[in-house]
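1. predicted model and sequence below, questions to follow.
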Amino acid sequence: MSGRMQQLNDKWMRLVGVPLLALTGQWMMYGYTNVSYPDDWRIPLFFLLGTVLVWECNRWGIIFSRRRYPELAQTRQRVFYQLVWFLVCCCVIRITQTFFYHQIGLWPSEDYLLFKPYFFNTLVSLVGTIQLAACYEGIYLYQRWKVSFTEAQELKKVNLQSQLESLKTQINPHFLFNNLNSLSSLITSDAGQAERFLDELSSVYRYLLQQNTRDLCPLTDEIQFIQAYFHLLKTRYTDGIFLETNVEARYMAYLLPPLTLQVLFENAIKHNVISAKRPLTIKLYTREGSLYVENNIQKKKNTVQSSQIGLQNIMMKYKLLEHPPVEVHEDDQMFLVRVPLISPAIEELTVAAK
């Protein structure tokens, strides 16, 4: 909403409000200044034209203010912007209009600096504008609250779905069975390696259990987790899988949704052949504020149907958190996912604004 011109659906408000404001202006102008109302058809016409001009100018002020300060947390800045705009527009238009009335004889006075007509014409316009703008703002605040509430519900739904998928991974019998088989083989052949494997397996499940309640986590936590997770994969596939990591230290404190890397690694393993003759290589690196996960493509003959729920959940989280989108690129040689890293400072400001 902040990136495009805000549209106003106010057709009926304008059709009803402009004539009412014009009639009120006439009554205030001639009634409070004790000047007799001339019998001249030009008076209602010019009052109507003046009201249209004021309304449309101030309407653009509302549009520009929403474009510049669209969020609920920016209500104070948006309202102040509108008030300044209204004051300037009403003064310029109504003072010019009143002077024009003098010129064409619609205001019977030779004193062009007479205070009352200028003051009341401007005051009526400003007061009427503020009252109508309050209606506009009330409707806008309700609409923004409704959008925020809907997005919060969607984010909650996505988090629950993510937790469900994580829980499925935790209790996935194939995942557990494969790792127990690997552990059993190591116990008889290499007790030291078996002990390390068991430690890494414990680390993986501990991390899975801890991350369900967090929307974001530091990249360093994800890297430590994926190293433990990859150790399990490496033990199982040996020379069939490799990991190349080139993550810059300056990005380690940056944030991303938890278990992002696990989802992307699982996708790579699920859809590609893994063997010593055709090894799967997963590359993990950072560049210009983003984390890249890349793997070579060597699709299985029996294609596994994918719901892509995990990847869609990651994309939806970024969308609902109003961060740059996740990007996916695929060709005949590689599958690449770019995950934007969220600056801790920016996230603190976002949380404070909410």
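-> Arrived safely.

2. break the chain into its domains for me.
-> Using automatic domain parsing, the domain ranges for the chain come out as 11-151, 172-353.

3. any chance of a markdown table for those domains, columns mean pLDDT?
-> Formatted as a markdown table, the domains of the chain follow (pLDDT from 0 to 100):
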| stretch | mean pLDDT |
| --- | --- |
| domain 11-151 | 74 |
| domain 172-353 | 82 |
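
4. got those domains as CSV, with mean neighbour count columns?
-> All C-beta atoms are positioned from the backbone trio N, CA, C, and that covers glycine. Below are the domains of the chain laid out as CSV (neighbours: other CB atoms under 10 Å):
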stretch, mean neighbour count
domain 11-151, 16
domain 172-353, 16
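
5. what about the helices in the stretch 251-354 of the chain?
-> 260-271, 309-320, 344-353 (DSSP state H, counting those that start in this stretch).

6. excluding chain neighbours, what is closest to residue 216?
-> Take residue 216 and drop its neighbours on the chain: the residue closest to it by CB to CB, 6 or more residues apart in numbering is residue 255, 4.2 Å away.

7. isn't the one you found up against residue 340?
-> No: applying CB atoms under 8 Å, one finds residue 255 not in contact with residue 340, separated by 10.0 Å.

8. so where do the helices sit in the protein?
-> 11-31, 42-68, 75-104, 115-171, 173-189, 191-210, 219-237, 260-271, 309-320, 344-353 (DSSP state H).

9. quick check: angle from the third one to helix 42-68?
-> Counting by axes from the mean of the first three to the mean of the last three CA atoms, to 10 degrees, helix 75-104 lies at 160 degrees to helix 42-68.

10. what packs against helix 75-104?
-> helix 42-68, helix 115-171 (3 or more CB pairs under 8 Å, 6 or more residues apart in numbering; DSSP states H and E).

11. now these in CSV, with distance to residue 289?
-> CSV is the format used below for these (distance: least, CB to CB, whole Å):
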stretch, distance to residue 289
helix 42-68, 25
helix 115-171, 23
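
12. mind checking which of those helices is nearest residue 275?
-> Closest approach to residue 275 among the helices and strands packed on helix 75-104 is made by helix 115-171 (23.8 Å; CB to CB).

13. from residue 280, how far out is residue 270?
-> Distance from residue 270 to residue 280, counting by CB to CB, to the nearest Å: 11 Å.

14. ditto for residue 223
-> 19 Å.

15. with residue 135 instead?
-> Distance from residue 135 to residue 280, counting by CB to CB: 61 Å.

16. try residue 54
-> On the measure of CB to CB, residue 54 and residue 280 end up 68 Å apart.

17. okay, stretch 128-145 in PDB with CA atoms only?
-> These are the backbone C-alpha positions of stretch 128-145, laid out as PDB (Å, rounded to 0.1, in the frame of the first residue of the first chain):
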ATOM      1  CA  GLY A 128     -15.600  21.800   7.300                       C
ATOM      2  CA  THR A 129     -12.500  20.300   5.800                       C
ATOM      3  CA  ILE A 130     -11.200  19.000   9.200                       C
ATOM      4  CA  GLN A 131     -14.600  17.400  10.000                       C
ATOM      5  CA  LEU A 132     -14.800  15.600   6.700                       C
ATOM      6  CA  ALA A 133     -11.100  14.600   6.900                       C
ATOM      7  CA  ALA A 134     -11.800  13.100  10.300                       C
ATOM      8  CA  CYS A 135     -14.400  10.800   8.600                       C
ATOM      9  CA  TYR A 136     -11.800   9.900   5.900                       C
ATOM     10  CA  GLU A 137      -9.200   9.200   8.500                       C
ATOM     11  CA  GLY A 138     -11.600   7.100  10.600                       C
ATOM     12  CA  ILE A 139     -12.500   4.900   7.700                       C
ATOM     13  CA  TYR A 140      -8.900   4.600   6.700                       C
ATOM     14  CA  LEU A 141      -7.800   3.600  10.200                       C
ATOM     15  CA  TYR A 142     -10.500   0.900  10.300                       C
ATOM     16  CA  GLN A 143      -9.400  -0.400   7.000                       C
ATOM     17  CA  ARG A 144      -5.700  -0.500   8.000                       C
ATOM     18  CA  TRP A 145      -6.600  -2.200  11.300                       C
END
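
18. tell me which of the helices and strands packed on helix 75-104 lies nearest to residue 265.
-> Using CB to CB, the nearest of the helices and strands packed on helix 75-104 to residue 265 is helix 115-171, at 11.2 Å.

19. thinking again about what came up before, so what sits against both of residue 255 and residue 340?
-> By CB atoms under 8 Å, 6 or more residues apart in numbering, residue 255 and residue 340 have no common neighbours.

20. which one, of the helices of the stretch 251-354 of the chain, ends up nearest to residue 85?
-> Nearest of those (CB to CB): helix 344-353, 23.6 Å.

21. so residue 261 is in contact with residue 226, correct?
-> Yes: using CB under 8 Å, residue 261 is in contact with residue 226, at 4.4 Å.

22. overlap in contacts of these two?
-> With CB under 8 Å, 6+ apart, residue 261 and residue 226 have common neighbours residue 284.

23. list the contacts of residue 265.
-> Residue 265 neighbours (CB under 8 Å, 6+ apart): 226, 229, 230, 233, 282, 293.

24. how much space separates the third one from residue 118?
-> Right, residue 230. 77 Å.

25. what's the answer for the first one, then?
-> Using CB to CB, we find residue 226 at a distance of 72 Å from residue 118.

26. with the fourth one instead?
-> Residue 233 sits 80 Å away from residue 118, going by CB to CB.
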